[in-house]
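**Student:** structural data only, the sequence is not supplied:
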Ligand SMILES: NC(=O)N[C@@H](CC(=O)O)C(=O)O
Ligand SMILES: [Zn+2]
Ligand SMILES: [Zn+2]
């Protein structure tokens with residue numbers, strides 16, 4: 001018994017949609033037929049009527065924090081994957097800044113086992129670049145790869161030593177896995193949480209300059225050139241980083257990059273004040289000029305993909321005030337509606353552009369056999385209601401985290417069904 005998705009509106013080119021009936025059997029897409037004339041014979045199958053809805057390849061998020069092991073009060077693999085599914089994501093790649101960090105075979109296996117038993121979407125773990133993310137000693141890349149790590153990153157902190165980064169890149173290149181870099185020079189950011197801009201000036205705050213990010217990007221593209229590694233830049237947020245990535249790509253350096261919805265939709269000038277830590281994230285919200293540069297970079301392909309950097313924290317932690325609260329905001333359950341409403345519904349992006357940046361392109365960048373709607377491929381599918389407008393209400397989140405600056409935003413583009421390997425893992429109640 002399979003699943004027939006009837007009258008699915010799939011993305012053709014631009015904003016054009018093609019109506020199809022799609023049959024899922026086992027874990028694969030078995031048939032896709034033009035929806036014209038009589039309906040297919042559906043007896044013996046589950047039927048989902050997708051009339052009027054958008055049907056896309058399952059969304060892929062290559063930068064998320066699931067917090068397990070160690071920070072289960074913030075999120076677990078169970079709650080995090082439910083949050084992902086509710087946001088339409090079928091595959092997520094999780095960062096290793098847990099406790100313990102994911103720097104051993106055992107911890108990689110722990111995450112994969114938990115994902116298998118308690119998760120509801122595909123979970124791909126990254127391993128640490130350095131032991132304990134301390135920047136002093138490389139982890140065992142061969143062993144971590146063997147255990148299932150899909151790349152290496154010390155996300156949460158930048159690798160401060162150029163020599164350490166170069167060694168990491170050389171090793172990663174030799175085993176064909178990417179380095180995913182959180183770009184941040186610690187000597188330039190100490191004690192600050194807001195970026196250099198109107199907001200920090202107005203409030204007399206010590207500020208994080210754009211160079212703190214871009215210095216690492218500039219250093220690392222040179223090291224990537226020298227080592228031949230696939231180098232992927234995390235959460236790009238500055239005009240300077242964009243410029244360096246664009247330049248590196250022109251020279252044929254194997255660099256790819258990601259950007260988060262919040263760095264495309266919010267600037268430092270939107271931060272309402274000093275009493276809400278839901279506006280505190282790393283990298284910080286930058287100036288309107290940086291926001292514009294990131295949007296342009298996504299449009300011209302300098303930035304390859306969209307990610308959420310879903311970073312849940314508890315309400316108690318975020319209530320400590322802007323100076324003490326941890327950096328980070330949740331992202332799974334608002335990403336698609338935010339981007340659809342603000343960029344596609346306003347006519348700035350095509351639907352195809354948005355969907356590609358969240359499906360086909362992340363799969364391509366990381367070499368995953370996912371991200372397309374084709375017969376014979378994995379039946380990972382997201383069904384989305386593009387019409388119903390609803391306000392963001394964190395109380396409805398499946399995530400344990402409620403830390404979002406987008407509370408109350410009226411959005412369209414809410415997922416209604418998330419299908420992983422031919423199974424409906426989440427659907428709207
Ligand atoms: N993005 C954040 O603000 N926080 C992330 C760390 C990170 O992605 O660097 C976290 O782990 O909370
Ligand atoms: Zn980071
Ligand atoms: Zn992160």
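**Tutor:** Structure received. Since we're looking at a predicted model, the values are computed, not measured. Ligands and ions are numbered 1, 2, ... in the order given.
**Student:** average pLDDT for the helix or strand containing residue 48?
**Tutor:** Taking DSSP states H and E as the definition, one finds residue 48 inside strand 46-49. Here strand 46-49 scores 98 as its mean pLDDT.
**Student:** strand partners of that strand, parallel vs antiparallel please.
**Tutor:** strand 3-11 (parallel) (DSSP bridges).
**Student:** how about stretch 173-192, does it reach ligand 3?
**Tutor:** No: for a cut-off given as C-beta under 5 Å from the ion, stretch 173-192 has no contacts with ligand 3; the smallest distance is 6.7 Å. The C-beta positions use only the backbone N, C-alpha and C, and glycine is treated the same way.
**Student:** what comes up buried for that stretch?
**Tutor:** Neighbour counts using 16 or more other C-beta atoms under 10 Å place 173, 177, 178, 179, 180, 181, 182, 183, 184, 185, 189, 192 of stretch 173-192 among the buried residues.
**Student:** would you list those in a markdown table and tack on distance to ligand 1?
**Tutor:** Putting these into a markdown table (distance: C-beta to the nearest ligand atom, whole Å) gives the following:
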| residue | distance to ligand 1 |
| --- | --- |
| 173 | 24 |
| 177 | 20 |
| 178 | 17 |
| 179 | 15 |
| 180 | 11 |
| 181 | 11 |
| 182 | 5 |
| 183 | 10 |
| 184 | 8 |
| 185 | 14 |
| 189 | 12 |
| 192 | 14 |
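**Student:** of these, which belong to strands?
**Tutor:** Judged by DSSP state E, strands contain the following of the buried residues of stretch 173-192: 179, 180, 181.
**Student:** from residue 258, how far out is the residue in the stretch 301-429 of the chain that ligand 3 sits nearest to?
**Tutor:** In the stretch 301-429 of the chain, no residue comes nearer to ligand 3 than residue 309, which is 4.4 Å away by C-beta to the ion. Here the criterion is C-beta to C-beta, to the nearest Å. By it, residue 309 lies 8 Å from residue 258.
**Student:** next, show the common contact partners of these two.
**Tutor:** When C-beta atoms under 8 Å, 6 or more residues apart in numbering defines a contact, the residues bordering residue 309 and residue 258 alike are 63, 234, 235.
**Student:** out of those, who's nearest residue 210?
**Tutor:** Using C-beta to C-beta, the shortest approach to residue 210 within the shared contacts of residue 309 and residue 258 belongs to residue 235, at 13.4 Å.
**Student:** and the pLDDT for that closest one?
**Tutor:** Value for residue 235, per-residue pLDDT: 98.
**Student:** check the one 4 residues further on too.
**Tutor:** In this prediction, residue 239 carries a pLDDT score of 98.
**Student:** that one against residue 293, yeah?
**Tutor:** Yes: here residue 239 reaches residue 293: they are 3.7 Å apart, a contact under C-beta atoms under 8 Å.
**Student:** now do the contacts for residue 403.
**Tutor:** 277, 278, 311, 312, 313, 315, 318, 328, 329, 330.
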